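Trainee: quick one, fold the following:
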Amino acid sequence: MRIAFASLLLLAAGAAPQDDEDLIFRVLRDERQRSLARLKLEKSGPPYYLEYTVTESESFQINGSFGAVTGRGGGKSRYCSIDLRVGDRTLDNTNFAGASSGGGTSLTVDDDYDALRHELWLATDREYKSSIEELEKKKAFLQQNTVQDRPDDMTVEEPVVLIRPTVKLEVDRDKWSATVRKVSAVFRDFPKIQKSMVTFYSRSESKWFLNNEGFKNRGGEVSFALVIGALIQADDGMKLSDAELFAGATDKDLPTPEAAEKAARDLAKRLEQLAAAPKVEEYRGPILFEGQSGAEFFALALTSQLGSSHEQLGRGGSGGNPWREQIGQRVTSAFISVISDPTAREFNGAPILGGYDVDDDGVRGQKLTLIDKGVLKTFCMSRIPTRNIKKSNGHSRDGVGGPSTIFIESAKKLPREELMKRLFELGKDEGLTHVYVVRKLANPAAASLDYQTFYQGMMDARGPVRLLPPIQLYRVNVEDGKEELVRGARFGNISLRILRDIKATGDDAKPRLAFGRSTDPGMVVAPSVLISEIEISKPGKETEKLPSYPHPFFEGK
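Mentor: Residues are numbered from 1 along each chain as shown. You can find the predicted model right below:
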């Protein structure tokens, strides 16, 4: 299993100070100066903007299943992404439908100045020629089309210089190989578990950023992750999978082997209970997303609306953020506020992963109130301006505006007892005998165990808000509070109206890793959340048949 999300779980790691004019910076500086002076065609001038970002990474990953190592990988790599622009910041080759978003090249991992310059020269020359072609296409489009109030293509920002140490990966490979074997062997005690996996992932990443405006930064981060996943099949053929994800800035932040074994055992027991649970019935009414599922709800329903509202020229106004014209309007319940803060490192003593000092455009990260008491105030912005927002606010993710750590703040916080009471009241008002509580949504970290079922669940989600299916869903009697675990649920068509249907939140906000629209989780500080109405669909009639004969390990036992 490839854990693509691990690169997002980053915290600065300590290392000895280094020269701010190291080999990589010298290569970038020298080739930048030569490119700006020499890149020129007969009818085209030199670039007005040139940015290099070198990423040097090293990783080690080990996969295990059923007490054995199933794969081991990793290695070291270097890559340079290039943002080269021709024209000027009011009209350049970017932000046009069909245009590339910048290129780059792999670099040698040897510290060889001449070899690095050679690779960078070829890539820069290629990007220059491509940028000229794209600018001409964009100019031709503008000659044939009227575009009202077209924003510039790039903002003007104050240069930031921040030199921090790079890092190296230090990991005890033998220790973690033994841990993966030991933890994965837990599933030998559970005959009904059809598939299981344990993956340890570690990565170091150092970055160098340099442009021709005076921006210059360097830094290094490390990340570690442990994933434990399993799949079971109910007697009627329904497949059910779940996973536990642990992450940290050092391997000491991960569970001990004993704690990881317990997590694996608990996961297997939960899946056995789930496989034996009854199927869910059709439902429309109030739902409480409790604990972990509260963070997952906000990650899926909210974060994709908080990024830059930029529309690429040439798309005819289609696509883009559905909230792009709603600044100053209410988009959530009036007691909800949303803050993005890349500078946060902890919350009530709990660590927060994923923060940064400067964003991917080299701009300093800023704490940002996106929604204030239900009213949309702004978007997470990169250096791509929009009609309404002309400056970056330090939230560039790969050159496009996107949130960092999201904080959900509520002026209507209730303790769990009061929250459940309110849930029951809403159900009774609708004439319902039962309501539902979600404690966890399907986990993409387990998708590799059964891609077809997992992605079918994603495809079944409809509407602008696509919630993953609930994996821990409880049917609760409104009179006596008795809970019953159910399985097979899918959420029906969900619009953005759901964010205005929040009736209350819990008082249990804490940092949690949660998956949004992408396969990478981010940190969300969120409480439990009570929604007035959501539709639940029962599972379809078709399921995969059970295996024709028993697991060989358990046969005869």
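
Trainee: ok, now which residue in this protein is the farthest from the centroid?
Mentor: The centre of the chain is farthest from one residue, residue 556, which by Cα atoms, centre = their mean lies 44.8 Å away.

Trainee: just want the phi and psi numbers for it.
Mentor: Per-residue torsions, residue 556: phi 80, psi 0 (degrees, to the nearest 10).

Trainee: what's the answer for residue 401, then?
Mentor: The phi and psi values for residue 401, taken as degrees, to the nearest 10, are phi -60, psi 130.

Trainee: got it, and residue 249?
Mentor: phi -90, psi -20.

Trainee: now swap in residue 409 and tell me
Mentor: According to degrees, to the nearest 10, residue 409 has phi -110, psi 140.

Trainee: could you find the closest non-adjacent residue to it?
Mentor: Using Cβ to Cβ, 6 or more residues apart in numbering and skipping residues adjacent in sequence, the residue nearest residue 409 is residue 337, 4.3 Å away. C-beta: built from backbone N, CA, C; applies to glycine.

Trainee: quick one: mean pLDDT for whatever helix or strand the one you found lives in?
Mentor: Element membership of residue 337, judged by DSSP states H and E, is strand 336-340. In this model, strand 336-340 has an average pLDDT of 98.

Trainee: name the surrounding residues that touch the helix or strand that comes right after it.
Mentor: Using DSSP H and E, the helix or strand that follows strand 336-340 towards the C-terminus is strand 346-347. With contacts defined as Cβ atoms under 8 Å, 6 or more residues apart in numbering, strand 346-347 is touched by 352, 407, 509, 510, 511, 525.

Trainee: got a list of what the last one touches?
Mentor: Which is residue 525. 295, 347, 352, 405, 406, 407, 408, 509, 510, 511, 512.

Trainee: check the fifth one too.
Mentor: By Cβ under 8 Å, 6+ apart, residue 511 lies in contact with 347, 350, 351, 352, 405, 523, 524, 525.

Trainee: and for residue 114, the neighbour number?
Mentor: Neighbour count for residue 114, taken as other Cβ atoms under 10 Å: 7.

Trainee: what about the helix or strand encompassing it, distance to the chain center?
Mentor: Assigned by DSSP H and E, residue 114 falls within helix 113-144. In terms of Cα atoms, centre = their mean, to the nearest Å, the centre of helix 113-144 is set 30 Å apart from its chain centre.

Trainee: go on, stretch 275-289?
Mentor: Centroid separation between stretch 275-289 and its chain, computed with Cα atoms, centre = their mean, is 27 Å.

Trainee: and what of stretch 410-419?
Mentor: 28 Å.

Trainee: next: stretch 273-286.
Mentor: 28 Å.

Trainee: stretch 473-490 too?
Mentor: Using Cα atoms, centre = their mean, the offset of stretch 473-490 from its chain centre is 30 Å.

Trainee: can you mark which positions in that stretch are buried?
Mentor: By 16 or more other Cβ atoms under 10 Å, the buried positions in stretch 473-490 come out as 473, 474, 475, 476, 478, 485, 486, 487, 488, 489, 490.

Trainee: sec struct for the fourth one, please.
Mentor: This points to residue 476. Judged by DSSP: H, G, I helix; E, B strand; the rest coil, the three-state class of residue 476 is strand.

Trainee: my guess is it meets residue 434, correct?
Mentor: Yes: counting by Cβ atoms under 8 Å, residue 476 sits close enough to residue 434 to count as a contact (6.2 Å).

Trainee: which pair of the buried residues of stretch 473-490 spans the longest distance?
Mentor: The span of the buried residues of stretch 473-490, defined through Cβ to Cβ, is set by 478 and 490 at 22.9 Å.

Trainee: before we move on, the earlier item: who wins for neighbours among the contacts of residue 511?
Mentor: residue 524 (27 neighbours).

Trainee: how much space separates it from residue 49?
Mentor: Going from residue 524 to residue 49 by Cβ to Cβ, to the nearest Å gives 34 Å.

Trainee: circling back: could the contacts of residue 511 go into JSON lines alongside pLDDT, secondary structure and distance to residue 204?
Mentor: Output for the contacts of residue 511, formatted as JSON lines (pLDDT from 0 to 100; DSSP: H, G, I helix; E, B strand; the rest coil; distance: Cβ to Cβ, whole Å):
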{"residue": "347", "pLDDT": "95", "secondary structure": "strand", "distance to residue 204": "26"}
{"residue": "350", "pLDDT": "92", "secondary structure": "strand", "distance to residue 204": "24"}
{"residue": "351", "pLDDT": "92", "secondary structure": "strand", "distance to residue 204": "19"}
{"residue": "352", "pLDDT": "93", "secondary structure": "coil", "distance to residue 204": "20"}
{"residue": "405", "pLDDT": "94", "secondary structure": "coil", "distance to residue 204": "22"}
{"residue": "523", "pLDDT": "92", "secondary structure": "strand", "distance to residue 204": "20"}
{"residue": "524", "pLDDT": "95", "secondary structure": "strand", "distance to residue 204": "25"}
{"residue": "525", "pLDDT": "97", "secondary structure": "strand", "distance to residue 204": "27"}
